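S.K.: Build me a structure from this.
(2 chains)
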Amino acid sequence: MKWEQVMGLEVHLQLATQTKIFSGAANRFGAEPNRQACAVDLGMPGMLPVVNELAVKYAVMFGLSIDAAIGKRSVFDRKNYFYPDSPKGYQISQFFEPIVGEGSFTIPMPDGSTFPIRITRAHLEEDAGKSVHDAFAGQTGIDLNRAGTPLLEIVTEPDFRTAEQAVAYLKALHSLVTTLGISDGNMAEGSMRCDINLSLRAEGSDELGTRTEIKNVNSFRFVERAIGVEAERQRDILEDGGRIVQETRLYDADNNETRSMRSKEVANDYRYFPEPDLLPIIIDETYIETLRATLPELPGPKRQRFVQHYALSDYDAALLASERTLAAYFEAVTASCGEAKLAANWILGDLSAALNREDIGINQCPVTPEALAGLILRIADNTLSSKLAKQVFEGLWRGQGSAEDIIEAQGLEQVSDSGVLEAMIDEVIANNPAQVVQYKAADEGKRKKLSGFFVGQIMKASKGQANPQLLSTLLIKKLDR
Amino acid sequence: MTHTDLCYASATTLSGMLDNRDLSAVELTEHCLARIKRFDSQLNSVITLTEEQALVAAQAADQRRAVGEATPLTGIPLLHKDIFCTAGVKTTCASRMLQEFKPPYDATVVAKLSAAGAVTLGKTNMDEFAMGASNETSFFGAVANPWDTTRVPGGSSGGSAAAVAAGFAPLSTGTDTGGSIRQPAALCGITGLKPTYGRISRLGIIAFASSLDQAGPMARSAEDAAMMLNAMCGVDSGDSTSADVSVPDFTASLNRPIAGLRIGLPREYFGGDLDPDLAAHIHKALSELEAEGAQLVDIDLPHTRQAIATYYVIAPAEASANLSRYDGVRFGHRCDNPVDLMDLYERSRSEGFGAEVQRRILVGTYALSAGFYDAYFKKAQQVRRVISDDFQRAFSQVDVIAGPTAPSIAFHHGEKAADPIAMYMEDVYTLSVNLAGLPGMSVPAGLINGMPIGLQLIGRAFDEQTLLRAGHCFQQRTDWHTQRPTLAGTSS
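M.R.: Coordinates of the predicted model:
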């Protein structure tokens, strides 16, 4: 039987606020254990939560960017369960009336196509602390620094059929939230954590199979691999005539397998009820419209604009539009040199390679957009061959001045004077009679290959500065004579 | 003035004496401390006495008086119910769970009263986590009623009520979730006010039922309660449910006449169940107000009967979550040698909480459980709105609603302890006021068999002024509030 994978994703997104969602403690990653937890975060007797308005604003910004219905009235609820890293014995979340309702989202796929998915809801809640199992022998440590970190939980409909779609969604979501500036999206630090609900069904069926939920997958690569192994596990069970147990599973990256965490049948009854310590959040139309007017250009519209305005390919446009700083860099280069296609090629090619090599972001790039534009201008006017251009780029990267400075200092200007080139060609022909004879004896097909010898010799003689197109034309003319 | 007279002087009188240097705050504090030490063995109204801090605060108060920076409360001694967090001072909530708990912060109410210069003498006994109407559920033992130590003082603010009635301090703080200020005030013959929900910050008050809890003053007169209330109110950015409404000077309008005040008498409060003797006293008290020109109007609060059931779903439900934080992990009681996490939870909580607290956690957990939520919690929320609407309608006809505070005089220790429902009935007249979030006050209105009874006055939201004015007017015409119990070993 052919099986179809059906998936829905839940993403827990940490919001980049200064302070926690219900307290004044700092919201930062990496402090000493329990140094960023105040009396509210510890659930001390008599302490009360107060909603962080910025977290509310960020949630609304997200909602607006996916065309979602914004809850004019949303309510916090208590989700009751005992766990040592849940200090109050309940988590403040939104169950009955979330702040963001149904929305939609268009994802660019790697092949340049797009794919629509539906967002079910997004709600605000507080993160839990962390249980540390390996620091004390026979005991568990509790670090409450993370407790109270604002989370936006974003839930999709079961609209995904492939792991590629799931990863493309997460990348697009990452791009969206970093463009909005509402999260740093740092998956390694847990700023974006993904739960995958996955089930299989016979291809062509409309019914959903029994699903499992894979919790807290924290990289794009692990999402892809977790989906692969879990789908395979379910397929094996179903093909053996077995039944899928609805349960929560954990992806073990070391062994590349999923493992059962707990069965939903014995799962907690969370006993949700409205949080009496907080008033409902009331959002009016003015607030929404004011916020809508201040939203930055989002990756989707930006992608379309790059295709239309700069004639970029869908693929290049999607890549450049995915990161706000990268897109801004591209637009600055293009504004300065007027060569969008070349700018895109250089930014996504040599520049990105260099950034990756040094493991830095575009905002730390040592080459200013104006400097790169200077290089591109000299490529466009044929002063530099692509080979020479790479050499100049390295100079730019190392801070050796502008493209002009480097060309002049290293004498890298391309030789495009036909008189000079012809003299060089004549000399090489005169010095290599045997190769000339061989060339002349060869048929059309082989001649092209044999001409490479002469090109190489002349490039060597010109220290690589001969204009390759002009050289090629002149050389063939002389050899074929 | 004798020692006893001094200890029974009103806060208003004492404030004047301090102002005129007829008395120092240190002297006054010493008098109160001495009285507590001498007589509290009979009452058990105080859990923690903060003698040293009190004397330091009294000295500071005297200095403030000397430099002319005093408020009316500067140098006035008071006691805090042990539900209010006090920085560095044990705050037990009368529970084994918090037997040794010292919070690193003051409740907003504590901070405000201290900032006004009031001198904290200590922390008063109460029902465990404020769950009770007799002060018998305290881990630190029951409190005795100073009018008859074989009887209960009411609860949950029983220690605060008994202490003020016994002349230990002119003022004390209480909290009221279903009647916990008003009922003990009635049973001990003092004046207690539960303000409108949101009037006073809940920050730093250990939560019982968050949507119902409200702090308030306990005093020997409406005038003193008004003076104390002035220092307790105001919006608090740390409590989202505190109301951003203007705070009047509650003492300013005390003497305005009450002529024309319409006082509603709910038929449901004065029906067949009401003890005839008690009814007679309440009617007598109301006739005093009538004599001042108030009009008595019969009204209906048709859903009064549903209030108890509604309250005993909502309050335990909220409590079940509020008390989840006591898990033995970060603070509070932890069992010895837990073998695993479940054992830690189960034994810490079973050992740390008393029977009544456990009962309410179980009831509340049940009411919120999957499959029962709609039938219990959701339904209770709906009925709560209906009860609130009843009051809304009534207040379109009248300015104040009046009736008895409690259904009887103080009962004997153990009399109702085995019957939770009988105990819950103690709050039949008070808890609908919490459900509706309204202000309510109890003033002494007579003695039956030598035991005090209370007249309850209920007001519109944020209209504590009218209650205090009516209470003050009543106390100008009567002397029930100046009656004193006789403690063993004293002549008065």
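S.K.: Let me know the helix or strand that A:Glu427 is in.
M.R.: Assigned by DSSP states H and E, A:Glu427 belongs to helix A:418-431.
S.K.: repeat for A:Leu471
M.R.: Element membership for A:Leu471, per DSSP H and E: helix A:468-480.
S.K.: Buried residues of that helix, list them for me.
M.R.: A:470-472, A:474-475, A:479 (16 or more other C-beta atoms under 10 Å in any protein chain shown). All C-beta spots, glycine's among them, are computed from the backbone N, C-alpha and C.
S.K.: start to end distance for stretch B:286-302?
M.R.: Across stretch B:286-302, the terminal residues are separated by 22 Å (C-alpha to C-alpha, to the nearest Å).
S.K.: Give me the phi and psi angles of the residue in chain A positioned nearest to chain B.
M.R.: Residue nearest to chain B within chain A (C-beta to the nearest C-beta): A:Gly89, separated by 2.4 Å. Torsion angles at A:Gly89 (phi, psi; degrees, to the nearest 10) stand at phi 80, psi 0.
S.K.: Pull up the per-residue confidence for it.
M.R.: pLDDT, A:Gly89: 96.
S.K.: what comes into contact with the helix holding A:Leu471?
M.R.: Contact partners of helix A:468-480, identified using C-beta atoms under 8 Å, 6 or more residues apart in numbering or on different chains, comprise A:385, A:416, A:418, A:421-422, A:425-426, A:429, A:436, A:439-440, A:447, A:451, A:454-455, A:458-459.
S.K.: Please repeat the previous calculation with a cut-off of 7 Å.
M.R.: A:385, A:416, A:418, A:421-422, A:425, A:429, A:439, A:451, A:454-455, A:458 (C-beta atoms under 7 Å, 6 or more residues apart in numbering or on different chains).
S.K.: Same check on stretch B:134-152?
M.R.: B:42-45, B:47, B:94-96, B:99, B:125-128, B:131, B:153-156, B:158-159, B:162, B:165-166, B:187-189, B:354, B:356, B:410-413, B:416-417, B:423, B:450-452, B:485, B:487.
S.K.: Make a PyMOL selection of whichever of the residues you listed turn out to be buried.
M.R.: The command below creates a PyMOL selection of those among the contacts of stretch B:134-152 that count as buried (16+ other C-beta under 10 Å):
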select buried, chain B and resi 43+44+45+47+94+95+96+99+125+126+127+128+131+153+154+155+156+158+159+162+165+166+187+188+189+354+356+410+411+413+416+417+423+451+452+485+487
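S.K.: roughly how far out does the lengthiest helix in chain A sit from the chain middle?
M.R.: Secondary structure of chain A read by DSSP state H shows that its longest helix is helix A:220-239. In terms of C-alpha atoms, centre = their mean, to the nearest Å, the centre of helix A:220-239 is set 23 Å apart from its chain centre.
S.K.: Dump the C-alpha coordinates for it into PDB.
M.R.: This file holds the C-alpha atoms of helix A:220-239, laid out as PDB (Å, rounded to 0.1, in the frame of the first residue of the first chain):
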ATOM      1  CA  PHE A 220      15.800  22.000  10.800                       C
ATOM      2  CA  ARG A 221      17.900  19.000  10.200                       C
ATOM      3  CA  PHE A 222      16.400  17.100  13.200                       C
ATOM      4  CA  VAL A 223      12.900  17.900  12.100                       C
ATOM      5  CA  GLU A 224      13.600  16.400   8.700                       C
ATOM      6  CA  ARG A 225      15.200  13.300  10.200                       C
ATOM      7  CA  ALA A 226      12.600  12.900  13.000                       C
ATOM      8  CA  ILE A 227       9.800  12.900  10.500                       C
ATOM      9  CA  GLY A 228      11.700  10.400   8.400                       C
ATOM     10  CA  VAL A 229      12.200   7.900  11.100                       C
ATOM     11  CA  GLU A 230       8.800   8.300  12.800                       C
ATOM     12  CA  ALA A 231       7.000   7.900   9.400                       C
ATOM     13  CA  GLU A 232       9.100   4.700   8.800                       C
ATOM     14  CA  ARG A 233       8.300   3.400  12.300                       C
ATOM     15  CA  GLN A 234       4.600   4.000  11.800                       C
ATOM     16  CA  ARG A 235       4.700   2.500   8.300                       C
ATOM     17  CA  ASP A 236       6.400  -0.700   9.700                       C
ATOM     18  CA  ILE A 237       3.700  -1.000  12.300                       C
ATOM     19  CA  LEU A 238       0.800  -0.500   9.900                       C
ATOM     20  CA  GLU A 239       2.200  -2.800   7.300                       C
END
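S.K.: Just the mean pLDDT for the helix or strand following that helix, thanks.
M.R.: From helix A:220-239 onward toward the C-terminus, using DSSP H and E, the following helix or strand is strand A:247-252. Strand A:247-252 comes out with an average pLDDT of 92.
S.K.: tell me the angle strand A:247-252 makes with helix A:220-239.
M.R.: On the basis of axes from the mean of the first three to the mean of the last three C-alpha atoms, to 10 degrees, strand A:247-252 is oriented at 130 degrees to helix A:220-239.
S.K.: What strands line up against strand A:247-252, and which way round?
M.R.: Applying DSSP bridges to the sheet, strand A:247-252 is found paired with strand A:212-217 (parallel), strand A:257-263 (antiparallel).
S.K.: Going through the contacts of helix A:468-480, which ones are buried?
M.R.: Buried members of these, scored by 16+ other C-beta under 10 Å, are A:385, A:416, A:421-422, A:425, A:429, A:439, A:451, A:454-455, A:458.
S.K.: Residues of chain A that sit close to chain B?
M.R.: A:39, A:42-46, A:48, A:50-51, A:78, A:80, A:82, A:84, A:87-90, A:142, A:269, A:271, A:273, A:276-279 (C-beta under 7 Å from any C-beta of the partner chain).
S.K.: Of the residues you listed, which belong to strands?
M.R.: Counted as lying in strands by DSSP state E, out of those, are A:78, A:80, A:90, A:142, A:273.
S.K.: ok, and the most crowded of these?
M.R.: With neighbours taken as other C-beta atoms under 10 Å in any protein chain shown, the top of those is A:Arg78, carrying 28 neighbours.
S.K.: Show me the shaky parts of the stretch 201-350 of chain A.
M.R.: A:262-267 (pLDDT under 70).
S.K.: quick one, which of the strands paired with strand A:247-252 is nearest to B:Tyr105?
M.R.: Taking C-beta to C-beta, strand A:212-217 is the member of the strands paired with strand A:247-252 nearest to B:Tyr105, at 34.3 Å.
S.K.: so which residue of chain B comes closest to chain A?
M.R.: B:Ser324 (2.4 Å).
S.K.: can you confirm that residue is in a helix?
M.R.: Yes - assessed by DSSP: H, G, I helix; E, B strand; the rest coil, B:Ser324 belongs to a helix.
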